[in-house]
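Asks: Okay, sequence plus prediction incoming.
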Amino acid sequence: MTNKTVIFVLLIAITLGSYFYKSVQQDKFYHKIKEQNKQIIQLDEVVSLQKIWSPKNTKKDLKKLKQIIKPEKVKWVQSSHKLEVKYSNLDAKELNKILNKILNTAIQIKDLKIYQKDDKYNMEILSKW
Amino acid sequence: MILVHRSMSKLSIVDKKVDIVLTPQDYILKKEALPIKYEYQAKKIAMSIFDDILDDGVYSFFVYKYQEEWIFIAYNIDNIINLLKEKGLSDKVRYIYFIQQFIDSIDTPIRLDDLQAIVSLDKTMTIVPITTLNNAQIVDFDLQNIKIPKKHITLKQEKQNIDNKILWIFSLIFIVFSMIYLYQGYRYQNVSDMDEKLNTLISKYPNLQSSYARDNLLKKYKLIDLQERKKRNIIKNISLLLKQKAQIDELRIKNDIYMVRLNIKNVRNITNFKKKILDKQMKIKEDTKDYITIEGKL
């Protein structure tokens, strides 16, 4: 084999090596991007879910749940992360109002009970956040 | 050794390699007194010496020093190969010389054919019409008393030169590709756009740095989100049913079970009402004249 052939073969090997290096880096890069993208999506998801269900925001909304009905109709027992409310003698309109508010408040409904008594509604809700 | 020129007749040589001498018909000559010492330096500038005087084609250069001058000979190997083929010599040639190399050995005009001869004019071998020689003695090309020059070219060498060119071109291509690939590889290794975005997010929410913590939180909140959305969806669907003049008699949502008993005394179209319940993917557990009980799992 002449020197020229050796150099030529070496150059081919270098080119193939470079191509292999590039391909490996490219694969690593895309794998990394995929992983990072997954992590970013996961992070975003956790953050947005935390924002929805975090206690900070819930506390503000709870006050409104108390204020929309006359105080004499509400029995309110609140501890650090739990709430037990009893509404009594509600008309259909008031019941509807409370249900709408609950639908838009980020509390976890553990137990919800509504029953009719003498054309009036009673409602008990046990929730946490 | 054969003097090869265009007007010679075709030869038939069997099983023998011959040396040939080319006439000015097949090369272009220039003499230059240049302040250069080495042949490789002269070869480097050969192309520029013939600037604008060569016809189209690929030329090679034969360079040597003669007395105080450099002799530059440009020749087109393709034309020479064609000539040799034409004269029946294509694969019979060993060494190729140029008649100019024999300048010191030739002092009598050499006959090419009936009309032309080669003479030394001002130390340059030149083809002239025989009529201009004024009945001077003209001889055939003869090797006797001729000193054979050391330098020559071969067809193999020429082929190798061409191969070398191709080799160089390919080498260059490989080098360029290698550099491109290496650069691309380096770029891929160092791209950090996503890193930055991820780092910003992690620095904003340090408690979410570990994937274990993220997975757990995500699992926890996804479950809460799913269940609470289902509960709200049930309440929403019941609210829509109440628009049909039904009334809630009892509603219970506890853990993942719900139960609703509706008073349907005032509902006009019971069949349609039931259809709406079923459309909302809810199951009727009990169905009496005045009440419908819906029950299911979240």
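Replies: Received the coordinates, thanks.
Asks: can we go C-alpha only for contacts and neighbour counts from here?
Replies: Fine.
Asks: residues touching B:Lys30, list them.
Replies: B:49-50, B:71-73 (CA atoms under 8 Å, 6 or more residues apart in numbering or on different chains).
Asks: That one in helix, strand or coil?
Replies: strand (DSSP: H, G, I helix; E, B strand; the rest coil).
Asks: Can you identify each of the helices in chain B by residue range?
Replies: Ranges of helices in chain B, per DSSP state H, are B:39-49, B:77-86, B:155-190, B:193-204, B:211-242, B:270-279.
Asks: Please list the residues outside the lowest-mean-pLDDT helix or strand in chain B that contact it.
Replies: Counting by mean pLDDT, DSSP states H and E, chain B has its least confident helix or strand at helix B:193-204, which shows a mean of 80. With contact meaning CA under 8 Å, 6+ apart, helix B:193-204 is reached by A:33, A:36-37, A:39-40, A:43, B:208-209.
Asks: Could you do stretch B:70-80 as well?
Replies: Contacts of stretch B:70-80 (CA under 8 Å, 6+ apart): B:26-34, B:42, B:46, B:49-50, B:57-65, B:158.
Asks: Tell me the predicted confidence for the residue nearest to B:Arg214 when sequence neighbours are not counted.
Replies: Among residues not flanking B:Arg214 along the chain, B:Leu208 sits closest, at 5.5 Å (CA to CA, 6 or more residues apart in numbering or on different chains). pLDDT for B:Leu208: 85.
Asks: And the one 10 residues further on, by the same measure?
Replies: Looking at B:Leu218, its pLDDT stands at 90.
Asks: which ones are touching it?
Replies: Contact analysis of B:Leu218 by CA under 8 Å, 6+ apart lists A:42, A:45-46, A:49.
Asks: hang on, the earlier thing: make JSON lines from the helices of chain B and add distance to B:Asp142 to it.
Replies: Shown next, in JSON lines, are those (distance: least, CA to CA, whole Å):
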{"stretch": "helix B:39-49", "distance to B:Asp142": "30"}
{"stretch": "helix B:77-86", "distance to B:Asp142": "20"}
{"stretch": "helix B:155-190", "distance to B:Asp142": "24"}
{"stretch": "helix B:193-204", "distance to B:Asp142": "81"}
{"stretch": "helix B:211-242", "distance to B:Asp142": "95"}
{"stretch": "helix B:270-279", "distance to B:Asp142": "116"}
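Asks: Determine which residue lies closest to the centroid of chain A.
Replies: A:Leu49 (1.5 Å; CA atoms, centre = their mean).
Asks: for chain A, what's the longest helix?
Replies: Max-length helix for chain A by DSSP H is helix A:3-53.
Asks: Moving C-terminal from that one, which element do we reach first?
Replies: helix A:55-67 (DSSP states H and E).
Asks: Output the contacting helices and strands for that following helix.
Replies: When contacts are defined as 3 or more CA pairs under 8 Å, 6 or more residues apart in numbering or on different chains; DSSP states H and E, helix A:55-67 packs onto helix A:92-103.
Asks: got the contact list for the helix it packs on?
Replies: A:65, A:68-69, A:120-121, B:232, B:235-236, B:239.
Asks: do that again at 6 Å, thanks
Replies: The contact list for helix A:92-103, computed with CA atoms under 6 Å, 6 or more residues apart in numbering or on different chains, reads B:Arg232.
Asks: Now the helix or strand that that helix is followed by: buried residues?
Replies: Note on helix A:92-103: by DSSP H and E, the next helix or strand toward the C-terminus is strand A:108-117. For strand A:108-117, burial by neighbour count (16 or more other CA atoms under 10 Å in any protein chain shown) applies to A:108-116.
Asks: contacts for strand A:108-117?
Replies: Applying CA under 6 Å, 6+ apart, the set of residues contacting strand A:108-117 is A:121-129, B:249-255.
Asks: Narrow those to those that are buried.
Replies: The buried subset of the contacts of strand A:108-117 - by 16+ other CA under 10 Å - is A:121-129, B:249-254.
Asks: so where's the stretch 101-250 of chain B shaky on pLDDT?
Replies: Along the stretch 101-250 of chain B, segments meeting pLDDT under 70 span B:159, B:161-162, B:192-194.
Asks: for chain A, what are the nearby residues on it?
Replies: By CA under 6 Å from any CA of the partner chain, the residues of the stretch 101-250 of chain B that approach chain A are B:174, B:178, B:181-182, B:185, B:188-189, B:218, B:232, B:249-250.
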